[in-house]
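Asker: predicted coordinates and the sequence they were generated for:
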Amino acid sequence: NQQNFSSQDLIGVSGGGGRGGGGSNNFLVGNQSGITGTNSIGLNYTNQLGKKLQLSGSYFFNRTSNTNDQLKQQNYILAGSGGDQINDEKSFTGNTNLNHRADLRLEYTINKSNSLIVTPRISFQDNKSNSTKEGVTYLGNEAGLLNSSNTLRFSGNKAINFGNDILYRHAFEKKGRSISLNASTQINNRDGNSNLYSKNLFYDDLIARGDTIDQVSYSNSKGTTLGGNVNYTEPISATGQLQFNYGITLSNSNSDKQTYNMGFDQRGYTDLDTLLTNSFDNRYLTNRAGMSYRYRKNNWSANVGLDFQNTGLYSDQLAPVVATVDQTFTNLLPNFMLNYRSKEGTQFRAFFRSSTNQPSISQLQNVIDNSNPLSLTSGNPDLKQEYRTMYNMRYSLSGANRPYNFSAMIFVTQTDNAIVNSTFIAQEATTLPNGLVLERGSKLTSPINVDGSWNARTFLVYGKPVAPLKTNVNLSTGFNYVRSPGLINNVFNFSNSY
């Protein structure tokens, strides 16, 4: 299924609060597993208010329901005397997601040299989900069962996201000399709750030990991002122009999760589970400055630039134990673009760009998520930022005098310090650093940084009009390759997908 809404509309499905806002053209997300039903409606508005003021806006609503009935088997080939492990799981998941999203664009032309653009946006989201899972883990050498689980879970999430950008542009009398100032604001808030009931059995020879989980969890995460940047352009020749830029961004987020077990008197959820409770604050301060050179002549244009970026990461865990992380990252971020466009319809474009990606607060928050009691997850407060390098080339042929059209594209992304999963599968009962016991056959997954992540894809399209049918026929093909590193019981592995 491919749904006509943006990824920010999926707080309960993707697990994040999203960035919020977005224009009315941001309508496509990737496929979801299962069967999805979608109902949506959108409105667009535009009006010229006098000679200097233009107003446009949009409103979008969607409702999606998804059900996913799944059978899964995972085989783990493990070193050591514990033997290989096989996990069989049957699960059913259903969720309903509601989203309201609105944005405005106010463009004021002060005079021929000055303009002001204001773009506020807001979104509201509500997600409810339920799931059942039945799983069993056994040794690959048919030595017997390790564990079994039967889990029922309900959850609900609500989120509000607000963003605003203010852009001021000034053009000097000298052609090509300009300055622009931009201020941005992003605020989000998310509240969630969940109920978990699970019966688990752990087998040791002929003895089976039982563990019943009956608990509720409450979570809240808030985030505020303030940013500003300035860009200045200066022509140095008839074909060349220099651009200087500086930007600063301050992002602060905090997340709290409280988990309560059913009390011994069975009268309510009154027993605070400190192993599954956490309070975490996180702050980023990023300074970025750079310059670039632009060249344009006839059918050719090019741009080459270099940015210097310094990012400070400060994380403060307030509960259940106090811990602090203070890190600084310094990067050089080069970029390059070459473009050719002919009057006959031939186009060629190549670009190279580098960027960084900061770990999210959910990836940093060191709290156990026991939604699947035999497959726990946790964050990692020692994560570092990712460094991505992207390459893209595109060639196309088209035009009114050409009896066909052709397009070819290749896109490659290479990531250093990629944030990937590290999974520990217990071959015997193991006590984790926070005091939680991981029974034999259970696993704990947390994010780490590793190198060696690649993603490549190609895309070819050939089209030709068919006059007798009065239509166009397009043939397309492509190739995707993903190389994903990971870690299982401290042994590196790579997943290659084609």
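Answerer: Happy to help now that I have it.

Asker: which residue ranges form the strands in the stretch 101-250 of the chain?
Answerer: Secondary structure of the stretch 101-250 of the chain (DSSP state E, counting those that start in this stretch): strands at 114-139, 145-171, 178-204, 207-235, 240-262.

Asker: for the stretch 351-498 of the chain, give me the ranges with low pLDDT.
Answerer: Nowhere does the stretch 351-498 of the chain drop to pLDDT under 70.

Asker: hang on, His61 in a helix?
Answerer: Careful, residue 61 is Phe; it's not His. No: under DSSP: H, G, I helix; E, B strand; the rest coil, Phe61 falls outside any helix and is assigned strand.

Asker: adding mean pLDDT and mean neighbour count, write the strands of the stretch 101-250 of the chain out as a markdown table.
Answerer: In short, each C-beta sits where N, CA and C put it, glycine included. Output for the strands of the stretch 101-250 of the chain, formatted as a markdown table (pLDDT from 0 to 100; neighbours: other CB atoms under 10 Å):
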| stretch | mean pLDDT | mean neighbour count |
| --- | --- | --- |
| strand 114-139 | 94 | 18 |
| strand 145-171 | 95 | 18 |
| strand 178-204 | 94 | 17 |
| strand 207-235 | 93 | 15 |
| strand 240-262 | 94 | 18 |
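
Asker: adding distance to Asn87, write those strands out as TSV.
Answerer: Shown next, in TSV, are the strands of the stretch 101-250 of the chain (distance: least, CB to CB, whole Å):
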stretch	distance to Asn87
strand 114-139	5
strand 145-171	9
strand 178-204	13
strand 207-235	17
strand 240-262	25
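
Asker: nearest to Asp273, out of those?
Answerer: Among the strands of the stretch 101-250 of the chain, strand 240-262 comes nearest to Asp273, with 4.4 Å by CB to CB.

Asker: pairing partners for that closest one, with directions?
Answerer: strand 207-235 (antiparallel), strand 269-272 (antiparallel), strand 278-297 (antiparallel) (DSSP bridges).

Asker: which one of the strands of the stretch 101-250 of the chain lies nearest to Gln70?
Answerer: Of all the strands of the stretch 101-250 of the chain, strand 114-139 comes closest under CB to CB, at 9.5 Å.

Asker: in its sheet, what does the closest one sit against?
Answerer: strand 85-111 (antiparallel), strand 145-171 (antiparallel).

Asker: report the distance from the first one to the chain centre.
Answerer: The reference is to strand 85-111. Offset of strand 85-111 from its chain centre (CA atoms, centre = their mean, to the nearest Å): 11 Å.

Asker: before we move on, what about stretch 487-494?
Answerer: 23 Å.

Asker: quick check: buried residues in it?
Answerer: By neighbour count with 16 or more other CB atoms under 10 Å, stretch 487-494 contains the buried residues Leu487, Ile488, Asn489.

Asker: make a markdown table out of the strands paired with strand 114-139 and add distance to Leu53.
Answerer: Formatted as a markdown table, the strands paired with strand 114-139 follow (distance: least, CB to CB, whole Å):
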| stretch | distance to Leu53 |
| --- | --- |
| strand 85-111 | 5 |
| strand 145-171 | 15 |
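
Asker: could you export the strands paired with strand 240-262 as CSV, including distance to Glu428?
Answerer: Shown next, in CSV, are these (distance: least, CB to CB, whole Å):
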stretch, distance to Glu428
strand 207-235, 14
strand 269-272, 28
strand 278-297, 27
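
Asker: for Ile122, find the nearest of the ones you listed.
Answerer: Of all the strands paired with strand 240-262, strand 207-235 comes closest under CB to CB, at 14.8 Å.

Asker: just to revisit the earlier point, out of the strands paired with strand 240-262, nearest to Asn417?
Answerer: Using CB to CB, the nearest of the strands paired with strand 240-262 to Asn417 is strand 278-297, at 15.8 Å.

Asker: next SSE after that closest one?
Answerer: Counting by DSSP states H and E, the element after strand 278-297 in chain order, helix or strand, is strand 300-319.

Asker: compute the inter-axis angle for that next one and strand 278-297.
Answerer: 170 degrees (axes from the mean of the first three to the mean of the last three CA atoms, to 10 degrees).

Asker: list the buried residues for strand 300-319?
Answerer: Ser301, Ala302, Asn303, Gly305, Asp307, Gln309, Thr311, Leu313, Ser315, Asp316, Gln317.
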